[in-house]
Each structure stands twice: as structure tokens, then as C-alpha cells.
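Colleague: requesting a structural model of the entry that follows:
(one chain, ligands or ions: 2)
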Amino acid sequence: MRVGLTGGVASGKSTVAALLAELGAVVIDADVLAREVVARGTPGLARVVEVFGPGVLTPEGDLDRPKMGSLVFGDEAKRRELEGIVHPLVFERYAEVEAAAPADAIVVHDIPLLVEAGRADDFDAVIVVDVPTEVQVERMLRDRGWTREDAEGRIAAQATREQRRAVATHLIDNTGTREDLRQRVTEVFEELRATAGR
Ligand SMILES: CC(C)(COP(=O)(O)OP(=O)(O)OC[C@H]1O[C@@H](n2cnc3c(N)ncnc32)[C@H](O)[C@@H]1O)[C@@H](O)C(=O)NCCC(=O)NCCS
Ligand SMILES: Nc1ncnc2c1ncn2[C@@H]1O[C@H](COP(=O)(O)OP(=O)(O)OP(=O)(O)O)[C@@H](O)[C@H]1O
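Modeller: Residues are numbered from 1 along each chain as shown. Ligands and ions are numbered 1, 2, ... in the order given. Below is the predicted model:
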């Protein structure tokens, strides 16, 4: 069974993914793949440097992620250029990683841009983690040390809450406590298992 998991930045996707993994799902995280394909020494990173210049590297030769973030969130043309390099490489890696999962697994794909990429129909179920925009901003300021401007720039680059909710087969409201979240995720996993006949 292939399950898509999405939600706005800092809505709680990774937290939900970790809970699902505890319950027995196999989780594939698009953000992790998106880091791997531009790791030091990869053709992906070489391409990024070709397009954006060596100024986007740290002295050690890694992608300077905070710098890249401030470059692309706020400049749509640059963001699209970066996505044009990274996304095809991520989709290639996906196919490889997915092929390695056991045939009877519930495979959860944590994809921040699932709705933006128009891929909701690729999945048997779509879990959407939902919180009001102000909660996203508060959690980014509290946990990541980003400025309000950074936070709002990322939100503006993403689909709206309504667009995501429209494709959800399972909606997870994450405005409550972490314990509330655990309970709701357990419920959703049971529903998925029942649908998968397991
Ligand atoms: C600009 C980069 C280097 C900033 O790195 P940083 O470590 O600060 O963020 P990270 O990659 O961990 O992403 C954190 C969150 O930001 C949001 N985000 C990332 N990329 C995008 C994007 N292109 N559009 C909208 N939101 C995005 C997502 O909610 C994501 O979960 C990085 O986000 C990147 O390479 N983005 C382009 C690739 C991409 O689209 N990745 C997202 C899923 S494949
Ligand atoms: N119910 C909750 N109450 C308080 N904090 C929470 C709750 N759920 C998640 N968090 C915290 O909010 C922050 C964002 O959560 P998380 O990293 O899971 O979001 P995400 O959607 O995966 O983010 P990103 O889009 O950047 O990948 C984290 O610091 C997390 O620990």
C-alpha cells in the first residue's frame, strides 16, 4: 500500500512519519532524498554550483542550506531553477528506495510538495497534517531559529491549507499536544491497515 503524507512546512509531518514508523510503516522522506542528491561530491551539487555559482557552498564544500534558502524563498524564478535540478534526481532515488521495501509493507511517502507537484492520485491514501498558518510560524520561530520573514517566505512558496485538505483521505489536525497527535496517528494507522486488509 502506498500512502502519501504531506502538510505545510513545520505542520508536523516528520513527527507523524516517526510515529507511523514506530507503528510499523516503512517511511520514505523526500527531504532526506533531496539532501542526498546534492550531498558533497554529487553530480547534483555540481549542477547547483554551475547554475548558482560557488557562493552557495560552505568553506567545506557542502551546500550552504541557510544561504540557499534565503536565495530561493522570496525569488520564485530561482526557486523553480533549483527545483528543476533537485526534483528529477529525487524521483529517480524514489524508484530505487521504493523497490527495496517489502512487498506487503505500508509505505508512507513523506512529501512536503505532494500537492504542488500534483501527485496525490499516485497514492492509495493521502494523509494531510493540518495546522493554522500561525501555528506553523510559531513552531518555526520557536524550534528552528528562523525569522518571521523566513517562515512566511516558505509558506508563501507552498500550496494553501485548503488545497491540501481537498486531497486528503485522512486529515490529521496537529494543533493539540504531542500526545493528542500520537493517538490520532495510531487511529489513522489502524484505518490504513484495515483498508490494506492487514
Ligand atoms: C533551499 C534548501 C537548500 C533549504 O534547505 P533547508 O535545510 O533550510 O530546508 P529543508 O530542505 O530541510 O526543507 C524544509 C522544509 O522547507 C520546505 N521547502 C523546501 N523546499 C521547498 C520548495 N522548493 N518549495 C516550497 N517549500 C519548500 C518544505 O516544507 C520542507 O519540508 C532546500 O529546501 C532545497 O534544496 N529545496 C529544493 C528542493 C525541494 O523542493 N525540496 C522539497 C521536497 S523534494
Ligand atoms: N503537537 C505538537 N505540539 C508542539 N510541537 C510540535 C507538535 N508536533 C510537532 N511539533 C514540533 O513542531 C516542529 C515542526 O514539526 P516537524 O518537524 O514534524 O514538521 P514538518 O512538517 O516535518 O516540518 P518540515 O516541513 O520542515 O519538514 C518540530 O520542532 C516538532 O517537534
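Colleague: alpha carbons only for contacts and neighbour counts from here, please
Modeller: Fine.
Colleague: quick one: pLDDT of residue 180?
Modeller: You'll see residue 180 listed with a pLDDT of 98.
Colleague: got a list of what it touches?
Modeller: Listed by CA atoms under 8 Å, 6 or more residues apart in numbering, the contact partners of residue 180 are residue 174.
Colleague: if we use 10 Å, what do you get?
Modeller: 173-174 (CA atoms under 10 Å, 6 or more residues apart in numbering).
Colleague: please tell me how far it sits from residue 16.
Modeller: Note on residue 180: its distance to residue 16, by CA to CA, to the nearest Å, is 11 Å.
Colleague: quickly list what's touching both of those two.
Modeller: Shared contacts of residue 180 and residue 16, counting by CA under 10 Å, 6+ apart, come down to residue 174.
Colleague: where exactly do the helices run in the protein?
Modeller: Under the criterion DSSP state H, the chain carries helices at the ranges 13-23, 30-36, 43-52, 65-72, 76-99, 133-144, 148-156, 161-165, 178-196.
Colleague: can you redo those as TSV with distance to residue 114?
Modeller: TSV is the format used below for those (distance: least, CA to CA, whole Å):
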stretch	distance to residue 114
helix 13-23	12
helix 30-36	10
helix 43-52	21
helix 65-72	19
helix 76-99	12
helix 133-144	18
helix 148-156	14
helix 161-165	9
helix 178-196	19
